[in-house]
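Student: After the sequence you'll find the predicted model.
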Amino acid sequence: NLGAILQTQGKLDEAISCYHKALAIHADAQGYFNLGTALRNQGLLEDAINSFGQALTIDPNSATVHSNLGESLWYHGKLNEAVAHFNRALEIDPDNASANYNLAVFLYDNGELERAIPHFERSQFDDWRERALYCLYKTERYDEFREKLQDAINANSSSPLLATLSTHYAINFNQPDEYNFCKNPLDFVYHGSIKELAEPDSPLLKELLHDIDQAEISARQQSRLHNGIQSSGNLFKRKEASFRKLAELIAETVRNYYQKYKNEDYAFIREFPKDIEFSSSWYVRMRQGGHLGSHIHEEGWISGAVYLAIPKRLANEAEGCIELSTHGDNYPQKHQDFPSVLVAPKVGDVCFFPSSVFHRTIPFSADEERICVAFDVKPANAKTPRFSSMG
């Protein structure tokens, strides 16, 4: 219907309005489900949870609605309720791809890797193969990992997570890296400035900081984030003009970046996004002692951040920096010889890199705020739609 088309186009306010009008004429489970997905993408988690709940009132045996409700509850920090809905979805339909995948990712994110593997394998959804490989590698089941690595490489030429695993394994065990996504990812790090933000008394910077402070956006549960909050939804799909202008400026920078590297013979460049569309974007606000643990963006292609506020009173040069590396996330190490770089951002700076790169924020001691807007860009042909039909 029209709402679904508008949502696909990223016109979330119009889609939500359309869903409300349709539900006023005829309230059905699919309508509430669609509304819930749009509200979640808008960053309105409580409203999304209520909408999924309305769908279940009409159709209590929809495994996909239970799964999506569980995902939203998880993002909202209600972990026990989230798991209950994932499990209920699997009671209804043990082979449901959405429920198996979402439960597996929940277990994966919370360190229950052995339990996650069978759910990834049952889901057969999206990047299940790479995430199952991650679980094998992190639990040091190296024989199984080696056996399945080549199959995964043959099946997928364009996975940042697979690139992370392949590169780490190659360095760790002094083996050739057989995956040609981006074998030397730290050579492809970009750090520069967006002049519209860096100029003195920048109107855009003031507008962004105001909108971040005032916009009605739910916080998303983030287990790696300490002394800080992260927004839900896709910031660049919202109606605020400041967010949309920032997206345009980043997109222009990414296009220029591609021109510099366009002759490189890696899948990262060969399959580079032709249209710069932000698959996800969010703000992160940290306070004194704030930091973000080492991770990659499994669902990205290019990942990065624009910096809107940086503490001025730093105890040393590393505080508040972003560390980029081929090692992180407590991957098993046979030695310490993994390349890394430290980037010291200033207000108005943007830094981005292949999504296969580990990155973390160094804690800072100043009693000031550190604010950035993070983002992922992904090729259109690499996108897998979230579950838009209740099924």
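Tutor: Received it, and whenever you're ready, just let me know what you need. Remember, predicted model here, so these are calculated numbers, not experimental data.

Student: OK, contacts around Phe236?
Tutor: Phe243, Arg244, Leu246, Ala247, Phe278, Ser281, Phe375 (CB atoms under 8 Å, 6 or more residues apart in numbering). For glycine as for every other residue, the C-beta is placed from the backbone atoms N, C-alpha and C.

Student: one more time with 10 Å
Tutor: Counting by CB atoms under 10 Å, 6 or more residues apart in numbering, Phe236 touches 10, 243-248, 250-251, 277-282, 373, 375.

Student: With Leu186 instead?
Tutor: Neighbours of Leu186 in contact, by CB under 10 Å, 6+ apart: Leu324, Ser325, Thr326, Pro339, Ser340, Val341, Phe353, Pro354, Val357.

Student: How about Ile25?
Tutor: Neighbour list for Ile25: Gly31 [criterion: CB under 10 Å, 6+ apart].

Student: Give me the distance between it and Tyr261.
Tutor: 51 Å (CB to CB, to the nearest Å).

Student: Run a quick neighbour tally on Lys312.
Tutor: Residues lying near Lys312 (other CB atoms under 10 Å) number 9.

Student: Against which helices or strands is the helix ranked longest in the chain packed?
Tutor: The longest helix of the chain (DSSP state H) is helix 241-261. Contact here means 3 or more CB pairs under 10 Å, 6 or more residues apart in numbering; DSSP states H and E; on that basis helix 241-261 packs against strand 190-193, helix 195-198, helix 203-214, helix 267-270, strand 278-292, strand 302-309, strand 349-354, strand 370-377.

Student: Of all the ones you listed, which one is nearest Cys182?
Tutor: Cys182 sits nearest to helix 267-270 of all those, at 3.9 Å, using CB to CB.

Student: Just the buried residues of that closest one, please?
Tutor: Neighbour counts over helix 267-270 (16 or more other CB atoms under 10 Å) mark Ala267, Phe268, Ile269 as buried.

Student: Report the mean confidence score over it.
Tutor: Helix 267-270 shows a mean pLDDT of 95.

Student: what distance separates it from the middle of the whole chain?
Tutor: Offset of helix 267-270 from its chain centre (CA atoms, centre = their mean, to the nearest Å): 20 Å.

Student: circling back: so which of the buried residues of helix 267-270 comes closest to Tyr75?
Tutor: Phe268 (28.7 Å).

Student: Apart from its chain neighbours, what residue comes closest to that closest one?
Tutor: Cys182 (3.9 Å; CB to CB, 6 or more residues apart in numbering).

Student: surely the one you found meets Ser159?
Tutor: No: checked against CB atoms under 10 Å, the pair Cys182 and Ser159 is beyond contact range at 11.0 Å.

Student: so what sits against both of those two?
Tutor: With contacts taken as CB under 10 Å, 6+ apart, Cys182 and Ser159 have Ala267, Ser355, Ser356 as neighbours in common.

Student: circling back: avg pLDDT for the longest helix of the chain?
Tutor: The average pLDDT for helix 241-261 rounds to 97.

Student: Show me which positions of that helix end up buried.
Tutor: Buried residues in helix 241-261, counting neighbours by 16+ other CB under 10 Å, are found at Ser242, Phe243, Leu246, Ala247, Leu249, Ile250, Ala251, Thr253, Val254, Tyr257.

Student: The third one touches Leu208, doesn't it?
Tutor: Yes: with contact defined as CB under 10 Å, Leu246 and Leu208 form a contacting pair (6.3 Å).

Student: Overlap in contacts, the two.
Tutor: Contacts common to Leu246 and Leu208, judged by CB under 10 Å, 6+ apart, are Leu197, Leu235, Glu240, Val306, Leu308, Val373.

Student: Of the residues you listed, just say which sits nearest to His76.
Tutor: Scanning the shared contacts of Leu246 and Leu208 for proximity to His76, where the rule is CB to CB, the winner is Leu235, at 17.3 Å.

Student: Show the pLDDT at the nearest residue to that closest one once chain neighbours are set aside.
Tutor: Counting by CB to CB, 6+ apart, Ser281 is the residue found nearest to Leu235 once chain neighbours are left out, at 4.3 Å. At Ser281, the model reports a pLDDT of 96.

Student: if we can go back for a sec, would you reformat the buried residues of helix 241-261 as TSV and include distance to Tyr32?
Tutor: Shown next, in TSV, are the buried residues of helix 241-261 (distance: CB to CB, whole Å):
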residue	distance to Tyr32
Ser242	31
Phe243	27
Leu246	32
Ala247	30
Leu249	37
Ile250	34
Ala251	34
Thr253	39
Val254	37
Tyr257	41
